[in-house]
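K.L.:
I would like the atomic coordinates for the input below:
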Amino acid sequence: MSVSCFDYTISKKLFQEKSFLRSFIINYFVFERTDLVRILDIYKLKFT
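P.N.:
Here you go, the predicted structure:
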């Protein structure tokens, strides 16, 4: 819940600087996706 509030505050601030927002979103999702893929790979290795 606190994370959602935190994200909401960040996005409200970032929407005031759209180019920064765009790069932030791109970086965030790229890094999040790679972390998620890595975690899923580890999970698959452990449980298959």
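
K.L.:
which helices and strands does the top helix by length along the chain pack with?
P.N.:
Determined from DSSP state H, the single longest helix within the chain is helix 18-47. Other helices and strands packing on helix 18-47, by 3 or more C-beta pairs under 8 Å, 6 or more residues apart in numbering; DSSP states H and E, are helix 2-14. (Each C-beta comes from the backbone N, C-alpha and C, glycine too.)

K.L.:
I'd like the average pLDDT over the helix it packs on.
P.N.:
Helix 2-14 shows a mean pLDDT of 63.

K.L.:
if I look at Leu40, how far off is Ser23?
P.N.:
26 Å (C-beta to C-beta, to the nearest Å).

K.L.:
repeat for Tyr43
P.N.:
For Tyr43, the distance to Ser23 equals 30 Å [C-beta to C-beta].

K.L.:
One more: Val37?
P.N.:
In terms of C-beta to C-beta, Val37 sits 21 Å off from Ser23.

K.L.:
Over to Thr9?
P.N.:
18 Å.

K.L.:
same check, this time on Asp41
P.N.:
Separation of Asp41 from Ser23 (C-beta to C-beta): 27 Å.
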